[in-house]
Each structure stands twice: as structure tokens, then as C-alpha cells.
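1. Quick one: sequence plus predicted model below, questions after.
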Amino acid sequence: MIRFLHLSDLHLGWHPSFMEPDLAKQIQQERDQVLAQAVAYALAPDREIDLVIIAGDLFETHRPGPELVEYAVRQLQRCIDAGKLVITVPGNHDEFTYRDSVYREAQDRWPGLLVTNPMPEPVLQAEIKGHQLYVYSLAYVGGVTRAEPPIEDFPRVQQEGFHLGIFHGSYNWQGGERSLPLDPEGLARANYDYVALGHFHRYRAIKIGGGLGVYPGMAAGKGFHDLGTGELVLGEWEPGTGIKLTGLPVQVPRFQLRQLDISQAADEASLAALIAAEADPGALVQVELQGIVDFPLDCRRLQERVRHHFRYLELVDRSYFLSPDQLERWSQDKTITGFFIRRMKERLQQAASEEEKRLLNRALTQGILALQGGKRIGQS
């Protein structure tokens, strides 16, 4: 049995520039600790991990700060000192192409195997617990790596053992040459037991030939568009039984998206109370305000009023302002809109629970929006 920790897209050094500087620095420091947590897993005796794989974008840029580089080298060296194999593949953020790339400058002292060849090659053969390990990989180098059309020629040694491909690229989708497009049929022909992928930030497992390809996803999020998985991937290869995967939780900043129907709010004070009810002092939260309100919103002022309930709060206004007089006038119209509003008002009066009212108010909002041709209410 060979056990491995599959890392990718840690993006060490990323910081949320949309936050105030002190908080942004804290978030960066917490994200960067994911590597230390990964190494702690790798060194834990009960995990029995033999190999640490870094499938690209260890760093956010190809020129991370010197303190961050020393931190990464120090952590990975701990694995080497404990007898673990470490294989690092550059990504597209920390690309090997540039003369001042971190991997070129630290190449002579980088712990373990640093992949630098620009096209797929066998990069390592080793014996682990009596099993032969064969590793195939490449590092994208601009102007040298030929990835258009997608790479389809992948080598494979015709020997028994664990055949492992490691690629920071785009499997079966085109994102341009620097995203290293990988041809699915070519990878299937290579018939690796496991393809350790990086670049895609959500967890994804794909059957490739007789083996398995996995994007572990990005453990620590990079904002509300990229929330992170909160997990690392532990893999286990056993001859004749294939691959077994386990998720390992890590402590990371928690980016959360929430939707809040504010139709029941009578004024800004009651709306502030609704938002405060979503409070989570440890979370970084974006709240999308939805529904129809009969008072104008000042989102910036509202955010300042309730932000202390959260570690970080961002309000996104998707609500619609509609005065009671306007709603009443529309309800009297002998039109589809008028009929719809009258019917929904009747159902709201008959609603048996707050949850039913919430759903009906949401339906009223969406219905009016649709009948207005997809425009915000009052927009011509």
C-alpha cells in the first residue's frame, strides 16, 4: 500500500485586497497555515503517509516574498527529514517560465523533486514499501511547452507498480495554452493508476482509463467567488484494489454566501435586526438581500450598522423598492400583473407560517420582476 497527500492550489501569499489591511493580513496568515496543517498530517504516525504531491499553484505568484518562500521550504523539508517523498509541480500562478520564478531561484535547495521538464516525461522511479512507484509530469514553460492542441502524448513505463501522473492543467476544457489543456483520450491511453490534477478549484473525481483523476480543489478560499473546500485529499493505492480517497479537514478562513428575504422588514431598524440574526463572529459573510421593501435602502449605512456582528460582512442589494401605493395601484389593474398581485396578497393573508410567508414574498418578488420583463421595479 502507498499512501499520499494530494495538494494543489494552496495559493500561499494571497490576500483579500477588498478588506481593510489588518484583517486582510490576518486572512493571509491563516490561509498560509494550510501548508503547515498539511505537513502535520503528513508527519502524523497514524496517517502513514509516504508521499506528498503538490500539483501546482503552491504560491499565488511566481515571486512570493522571501519569508513565505523560507516558510514553504522549511515545512517541506520536515517531510524530507522524516523520510517522505515530496514532489512539487509549478502551476500557472507560480509558473516556471519566468527567469525570476521562485522555483528557478530556489531550485538547488528545493526539498524533494521539483519538476522542471516542459513536456510530459517519466520524472521519478522509486520503491515504497516494496512497491515500484512511477511518476510522470511536466512544468509548463511558455514558448517551450506545446499545449495547443491539447497535450495527448503521455509516456508510461510498461512495468508493474503504482503509475502516477501529476499535471497542473485543464482536463477536457480549453482555457488557453497557459492553462495546460490535457487531452482526455491521451490520458486514458496512458492508463495511469492516479492522475493528481491541479488548477480547478473545486473537488472533482474523474475516471480516466482504468484509473482515477482528481482535482482536490482549493482548501482555503479566495473570496466569495471561490469559497474553498476546507479539506485536503488523502489517497491510498493498493495493488488490485485501486484508489481510496479520504478528505482531511483543515482550519481555514470561512467565506460564506447567504441569501436573505427582507420582505417582512418594516424599516431599516427591523432589517438590521434580520441581518444581525444571521450573525457569525467567525465567518466572512456576503449576504444577498432579496425581496420587495417599501422603504429605500442605504446599503452602505446598513452595512456599517451591523458589521460588528460578523468577522467581515458584505451586503449585496438584490431587493426591489415598491411603495404600498404603487403595489395597490398595480393590484387594481385588469392585467396579468394585477391578477397575480391580488392572488398573492390573498395567499399571504392566509399563510399559516412565517416560512410560508417568506416563500410567498419571494414568489411575489420574482413574479413581479418577470412580469416587468426582467427589469428592476420602476426601471423603464
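-> In hand now; what should we look at? Residues are numbered from 1 along each chain as shown.

2. Please make it C-alpha for all contacts and neighbour counts, starting now.
-> OK.

3. and G209, how far is that from V34?
-> 32 Å (CA to CA, to the nearest Å).

4. Check E238 too.
-> Taken as CA to CA, the span from E238 to V34 is 28 Å.

5. same question, E95
-> E95 is 21 Å from V34, by CA to CA.

6. if you count what's nearby, which of these two comes out ahead?
-> E95 (27 against 22; other CA atoms under 10 Å).

7. ok, now which ones touch the more buried one?
-> D57, T61, H62, S101, A139, Y140, V141 (CA atoms under 8 Å, 6 or more residues apart in numbering).

8. C-terminal to the helix or strand containing W330, what's the next element?
-> W330 belongs to helix 324-332 when assigned by DSSP states H and E. Moving toward the C-terminus from helix 324-332, the next helix or strand (DSSP H and E) is helix 336-350.

9. Tell me where the stretch 201-350 of the chain has strands.
-> 204-208, 211-215, 231-238, 242-249, 254-261, 280-293, 310-321 (DSSP state E, counting those that start in this stretch).

10. quick one, which of those strands is nearest to Q132?
-> Smallest distance to Q132 across these (CA to CA): 11.7 Å, for strand 231-238.

11. The closest one: partners in the sheet, and parallel or antiparallel?
-> Each strand paired with strand 231-238, and its direction, by DSSP bridges: strand 2-7 (antiparallel), strand 242-249 (antiparallel).

12. Helix, strand or coil: sort out A147 for me.
-> Counting by DSSP: H, G, I helix; E, B strand; the rest coil, the backbone at A147 sits in coil.

13. any idea how far the residue lying closest to it once chain neighbours are set aside is from H168?
-> Spatial nearest neighbour of A147, excluding adjacent residues (CA to CA, 6 or more residues apart in numbering): E177 at 5.5 Å. For E177, the distance to H168 (CA to CA) stands at 12 Å.

14. Counting neighbours around each, name which of these two comes out higher.
-> More crowded of E177 and H168, by other CA under 10 Å: H168, with 30 against 19.

15. how about that one, what does it touch?
-> Listed by CA under 8 Å, 6+ apart, the contact partners of H168 are A55, G56, V89, P90, G91, N92, A139, S179, L180, L197, G198, H199.

16. cutoff 7 Å now
-> When contacts are counted by CA atoms under 7 Å, 6 or more residues apart in numbering, H168 touches A55, G56, G91, L197, G198, H199.

17. And the third one, how far from L274?
-> When CA to CA is applied, the distance between G91 and L274 equals 43 Å.
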